[in-house]
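Asks: curious how this folds, go ahead:
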Amino acid sequence: MRILIATAGSRGDVAPFTGLGVRLHAAGHQVAVATHTTFADAVRAAGLEFRPLPVDPRAELASTGGQRLLRAGSGPLAVLELLRLGRSFMPAIGDGIAAAADRGADLLLTSSTTSALGRAVAEAAGLPHLGLHLQPLAPTREFAPVVTGSRSLGRAGNVLAGHAVQAATDRLFAPAVRRLRRRLGLPPRSVARARRDHAVLHGFSPTVVPRPADWRPGLDVAGYWWPHPEPGWQPPARLLDFLAAGPPPVFVGFGSLVVPDPERLTATVLAALRAARVRAVVQPGWSGLAAPEGDDLLTVDDTPHCWLFPRMAATVHHAGAGTTAATLRAGTPTVPVPAQLDAPFWAARAARLGTTPGPVPLAGLTADRLAAAIRRALDDPGHRARARAVARVLAAEDGAGKVVEAVDRIAGSSAGSTPR
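Replies: Modelled structure (predicted):
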């Protein structure tokens, strides 16, 4: 079966699908990934076909709209800023998914950022379609919407807020979906109606987010699917030498977060590391942290988290879904520094699991607060013990395998149909 995976967003929205694509390819399927050109090398390095989608996500996050989103953090204002940011480029994303499907596919798999548009493309092309979401977005009484922060609003408040956020998200996609359906010759259909019976597998562990009891049938939690490490990657000698020269360091990196003043953030981080009396490995990320190297500090380029994090004493990160998952997988204590959208949700999940002394939000970040959190993460052996216990559970799960099983069922039901 020819499978097209369409996903858009930052690295954390793309990397898990490289590993999933490799598993699907190993199961005998042809796999193409449609995403932004900035991730083309990662897709091709996994042995998968790359098909381009428009938009530079890093440039969008650095734009005026992206910085407004960062300042809004999470909650209703953040949802509003997300609507403003996304409306300008969603039509182009829809056109890109349609063009990618035109190059040949028998099944379309979409992420949460592409599902609304992908459903229209699949309908026009007569393709089966499965959603693969990295966040629990469907309304539930069990927790508040993931983009509104970590505080529960009560069972009734949670589900009401969930429907409100879902309606707002539908507004983000609605103009682009209407335009795309017209272009594809489809009759009008609302985003909400198209979503009603849409099957979705979620790419996180039920240990981290158990499947809500009030979710409708067709919404299931599969488990994590992990990024595919670059074949033949070897750690540079300078990194190996640094690790061998002293006790395990602390990792600091903020991934795809783009802050307006990276020099200030760098200074805060360096002061915290000195106050906490730890060695550190710093990853510049999209913010471009520029830390001067010394005996106790090393700056590294992109390094596979699956190799690096198990060798760290603790991790300090932006609490994105993918980085949070990677530190849980590594069994490493963590200090989340959440900034926007779903980051506070994932930071709270890590705190609930006991792998962190608690988040230090970026909005109130100081060197003293960060240093104190790092010391608590290192000095309380309970955090490491609980982190290792979670890692053992995750190691026994096979989220990608559940996606392969679902795809095989779809392939079986589609047998005999004429491929495109």
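Asks: and residue 87, how many neighbours?
Replies: 16 (other C-beta atoms under 10 Å). Where C-beta positions appear, they are placed from N, C-alpha and C, glycine not excepted.
Asks: list the contacts of it.
Replies: Contact analysis of residue 87 by C-beta atoms under 8 Å, 6 or more residues apart in numbering lists 172, 175-176.
Asks: which members of those residues are classed as buried?
Replies: Buried by 16 or more other C-beta atoms under 10 Å: 172, 176, out of the contacts of residue 87.
Asks: of the contacts of residue 87, closest to residue 235?
Replies: Minimum distance to residue 235 across the contacts of residue 87 is 40.8 Å, recorded for residue 172 (C-beta to C-beta).
Asks: before we move on, the earlier item: out of the contacts of residue 87, which one has the weakest pLDDT?
Replies: Within the set of the contacts of residue 87, pLDDT is lowest for residue 172 (84).
Asks: any idea how far residue 195 is from that residue?
Replies: Separation of residue 172 from residue 195 (C-beta to C-beta, to the nearest Å): 13 Å.
Asks: name the helix or strand for residue 201, please.
Replies: Using DSSP states H and E, residue 201 sits within strand 200-202.
Asks: likewise residue 373?
Replies: helix 367-379.
Asks: right, and the helix or strand after that helix?
Replies: That would be, after helix 367-379 and using DSSP H and E, helix 381-395.
Asks: orientation of that following helix relative to helix 367-379 in degrees?
Replies: 70 degrees (axes from the mean of the first three to the mean of the last three C-alpha atoms, to 10 degrees).
Asks: for helix 381-395, packing partners?
Replies: Helices and strands touching helix 381-395, as assessed by 3 or more C-beta pairs under 8 Å, 6 or more residues apart in numbering; DSSP states H and E, comprise helix 321-330, helix 343-353.
Asks: what are the boundaries of the strands in the stretch 51-200 of the chain?
Replies: Using DSSP state E, counting those that start in this stretch, the strands of the stretch 51-200 of the chain run over residues 107-110, 129-133, 200-202.
Asks: could you list the domains of this structure?
Replies: 2-224+397-414, 237-395 (automatic domain parsing).
Asks: tell me which of those lies nearest to residue 231.
Replies: Of all those, domain 2-224+397-414 sits nearest to residue 231, with 6.4 Å by C-beta to C-beta.
Asks: return the distance of that closest one from the chain's centre.
Replies: Distance, stretch centre to chain centre, for domain 2-224+397-414: 11 Å (C-alpha atoms, centre = their mean, to the nearest Å).
Asks: which residue lies nearest the spatial centre of this protein?
Replies: Centroid check for the chain by C-alpha atoms, centre = their mean gives residue 12 as the closest residue, at 3.6 Å.
Asks: now that one. Nearest residue, chain neighbours left out?
Replies: Leaving out its chain neighbours, the residue that sits closest to residue 12 by C-beta to C-beta, 6 or more residues apart in numbering is residue 322, at 3.5 Å.
Asks: can you check residue 69 too?
Replies: Residue 69's closest residue in space is residue 81 (C-beta to C-beta, 6+ apart), at 4.3 Å.
Asks: in contact with the one you found, which residues?
Replies: Applying C-beta under 8 Å, 6+ apart to residue 81 gives the contacts 65, 68-69, 72.
Asks: I'd guessed residue 100 sits against residue 7; true?
Replies: No. Applying C-beta atoms under 8 Å as the test, residue 100 and residue 7 come out as separate, 11.0 Å apart.
Asks: list residues touching both of these two?
Replies: Common neighbours of residue 100 and residue 7 (C-beta under 8 Å, 6+ apart) are residue 34.
Asks: which of the contacts of residue 81 has the weakest pLDDT?
Replies: Out of these, that is residue 72, at 71.
Asks: quick one: contacts of stretch 383-394?
Replies: Contact partners of stretch 383-394, identified using C-beta under 8 Å, 6+ apart, comprise 205, 207-208, 223-224, 327-334, 353-357, 376-377.
Asks: picking up where we left off before, what's the spacing between the residue nearest to residue 69 and residue 11?
Replies: Residue 81 is 21 Å from residue 11, by C-beta to C-beta.
Asks: ditto for residue 214
Replies: 32 Å.
Asks: ok, the two, which is more surrounded?
Replies: With neighbours defined as other C-beta under 10 Å, residue 214 and residue 11 compare such that residue 11 has more, 22 against 13.
Asks: next one: phi and psi at the more buried one?
Replies: With angles defined as degrees, to the nearest 10, residue 11 shows backbone torsions of phi -60, psi -40.
Asks: pLDDT at it, what is it?
Replies: pLDDT at residue 11 comes out at 89.
Asks: who's in contact with it?
Replies: For residue 11, the contacting residues are 39, 255-256, 322, by C-beta under 8 Å, 6+ apart.
Asks: going by distance to residue 268, which of those residues wins?
Replies: residue 255 (16.9 Å).
Asks: show me what contacts that closest one?
Replies: By C-beta under 8 Å, 6+ apart, the contact set of residue 255 is 10-12, 283, 285-286, 317-318, 320, 322-323.
Asks: recalculate using a threshold of 7 Å.
Replies: Residue 255 makes contact with 11-12, 285-286, 317-318, 320, 323 under the criterion C-beta atoms under 7 Å, 6 or more residues apart in numbering.
Asks: and if you look at residue 270?
Replies: Applying C-beta under 7 Å, 6+ apart, the residues near residue 270 are residue 291.
Asks: sec struct for it, please.
Replies: helix (DSSP: H, G, I helix; E, B strand; the rest coil).
Asks: do you know how far it is from residue 257?
Replies: The gap separating residue 270 from residue 257 is 17 Å, by C-beta to C-beta.
Asks: if residue 5 is in a bridge, with which residues?
Replies: Beta-bridge pairing for residue 5 (DSSP bridges): residue 33, residue 109.
Asks: correct me if wrong: it contacts residue 33.
Replies: Yes. With contact defined as C-beta atoms under 7 Å, residue 5 counts as touching residue 33 (4.8 Å).
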